[in-house]
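Engineer: this one's structure only:
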């Protein structure tokens with residue numbers, strides 16, 4: 001293919017790309033601006049060319065959080081981020097953007113490319129979902145509490161003596177009410193975390209001690225499936241800045257899932273090792289594993305993978321979304337490695353004490369739940 005042919009194809013791709021795209025030079029001045037960018041920003045290409053990209057987008061990320069500058073500093077693509085721009089007419093629009101920087105041999109910016117799409121409809125749906133969840137859970141909470149109260153009175157014999165079968169039936173009802181209460185708590189924490197109202201009480205903690213306490217609490221559950229539960233700790237661990245209650249829920253959720261999804265007679269291993277970022281807690285199971293196409297949704301709210309070799313496991317699909325939200329609220333990261341037929345490993349990466357400050361309020365679009373279901377895990 002001739003260079004002219006390549007240029008024509010490149011021009012065609014840029015022009016017809018359904019996502020908005022613009023290219024800037026080393027001074028962040030726009031040198032290319034496609035039709036989708038014109039539609040979203042309201043700026044004609046002829047007026048946008050030659051202007052600083054910050055003058056055209058007026059993005060909430062312009063300045064210190066500029067994605068292109070981050071791409072230069074980090075030497076990699078800036079993954080999708082939420083932002084708000086002002087169109088030429090002054091209208092505010094939510095967008096989702098990503099960027100990549102082309103640098104010279106000295107690490108200086110030569111060209112930058114940004115891709116973005118209009119997220120107004122998505123954000124509107126997310127807001128409606130949050131409101132629905134909040135109303136739904138608050139309206140459910142009262143009748144469930146009342147039903148539970150009357151049930152306890154029945155079990156105490158306040159309405160007359162009960163025979164053995166009646167007690168057994170009522171205890172089954174009580175278990176299901178407790179399960180429903182757990183789901184309601186999970187939904188309520190969705191609203192808290194998505195609105196930034198989940199409070200974290202961050203303090204330096206001994207990670208090894210916390211893990212030993214959590215693992216001890218799962219020994220009976222593991223023994224019922226003849227699963228060997230092991231904890232491997234290095235000789236010394238740095239203190240970590242965490243909310244011990246919330247982080248206990250994270251680790252407990254992952255261990256609970258690992259036991260549920262591992263086959264009988266196998267093992268669940270909890271390992272801790274050090275990386276540059278800080279300590280990493282790895283929970284490794286010997287379950288059926290997770291297919292690659294399912295892994296990208298594993299931390300989505302309400303997402304559940306189809307049944308696999310582990311059989312049906314009850315849950316709402318909230319647990320792993322909660323894990324991700326809580327870990328990120330601590331300034332950490334969570335990662336999955338899995339292969340069908342070879343089990344799964346979930347890794348929680350935490351910053352050392354003094355290197356990353358936890359936030360007192362955490363939001364981020366992911367729910368914090370009771371951690372009793374794997375949601376989308378395998």
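Structural biologist: Good, I have the coordinates. As the structure is a prediction and not an experimental result, all values here were calculated from the model.
Engineer: Now residue 265: which helix or strand?
Structural biologist: Counting by DSSP states H and E, no helix or strand carries residue 265.
Engineer: ok, and the closest non-adjacent residue to it?
Structural biologist: Nearest residue to residue 265, sequence neighbours excluded (CB to CB, 6 or more residues apart in numbering): residue 226, at 4.8 Å. Quick note: C-beta positions are derived from backbone N, CA and C, even for glycine.
Engineer: got a pLDDT number for that neighbour?
Structural biologist: According to the predicted model, the pLDDT of residue 226 comes to 95.
Engineer: what about the stretch 51-200 of the chain, any weak spots by pLDDT?
Structural biologist: Regions of the stretch 51-200 of the chain meeting the criterion pLDDT under 70 cover residues 74-78, 137, 190-191, 194-196.
Engineer: mind redoing it with 80?
Structural biologist: For the stretch 51-200 of the chain, applying pLDDT under 80 flags the ranges 63-65, 69-80, 126-127, 129-139, 182-183, 185-198.
Engineer: in it, which spans are helices?
Structural biologist: The residue ranges that make up the helices of the stretch 51-200 of the chain, judged by DSSP state H, counting those that start in this stretch, are 53-57, 67-74, 120-155, 164-194.
Engineer: Name the stretch among those that sits most buried.
Structural biologist: Highest mean neighbour count among those (mean count of other CB atoms under 10 Å): helix 53-57, with a mean of 20.
Engineer: what does it rub up against?
Structural biologist: 22, 24, 28-30, 41, 43, 48, 62-63, 66, 68, 85-86, 114 (CB atoms under 8 Å, 6 or more residues apart in numbering).
Engineer: Tell me the buried residues within those.
Structural biologist: Buried by 16 or more other CB atoms under 10 Å: 22, 24, 28, 30, 41, 43, 48, 62, 66, 68, 85-86, 114, out of those.
Engineer: Tell me where the stretch 201-350 of the chain has strands.
Structural biologist: Remark: strands assigned in the stretch 201-350 of the chain by DSSP state E, counting those that start in this stretch are 203-205, 228-232, 240-242, 267-274, 279-284, 333-338, 344-349.
Engineer: Mind pulling up the pLDDT for the residue nearest to the spatial centre of the chain?
Structural biologist: Closest to where the C-alpha atoms of the chain average out (CA atoms, centre = their mean) is residue 324, at 3.7 Å. At residue 324, the predicted lDDT confidence score is 87.
Engineer: Quick check: chain neighbours aside, which residue is closest to it?
Structural biologist: Using CB to CB, 6+ apart, the nearest residue to residue 324 is residue 299, at 4.2 Å.
Engineer: neighbours around the one you found, how many?
Structural biologist: As a burial measure, residue 299 scores 22 neighbours (other CB atoms under 10 Å).
Engineer: ok, it touching residue 334?
Structural biologist: Yes: counting by CB atoms under 8 Å, residue 299 touches residue 334, with 7.3 Å between them.
Engineer: So for those two, which residues contact both of them?
Structural biologist: Common neighbours of residue 299 and residue 334 (criterion: CB under 8 Å, 6+ apart): 323-324.
Engineer: which stretches of the stretch 251-378 of the chain form helices?
Structural biologist: In the stretch 251-378 of the chain, the helices defined using DSSP H, counting those that start in this stretch lie at 292-295, 319-329.
Engineer: I'd like to know which of those lies nearest to residue 122.
Structural biologist: Nearest to residue 122, of all those, is helix 319-329, at 16.8 Å by CB to CB.
Engineer: tell me what the closest one is packed against?
Structural biologist: When contacts are defined as 3 or more CB pairs under 8 Å, 6 or more residues apart in numbering; DSSP states H and E, helix 319-329 packs onto helix 164-194, strand 198-199, helix 244-261, strand 333-338, strand 344-349, strand 361-362.
Engineer: now residue 46, what's its secondary structure?
Structural biologist: Residue 46 carries the three-state label helix when classified by DSSP: H, G, I helix; E, B strand; the rest coil.
Engineer: what's the distance between it and residue 192?
Structural biologist: For residue 46, the distance to residue 192 equals 48 Å [CB to CB, to the nearest Å].
Engineer: do residue 135 as well
Structural biologist: Spatial separation of residue 135 from residue 192 under the definition CB to CB is 14 Å.
Engineer: now residue 12
Structural biologist: For residue 12, the distance to residue 192 equals 48 Å [CB to CB].
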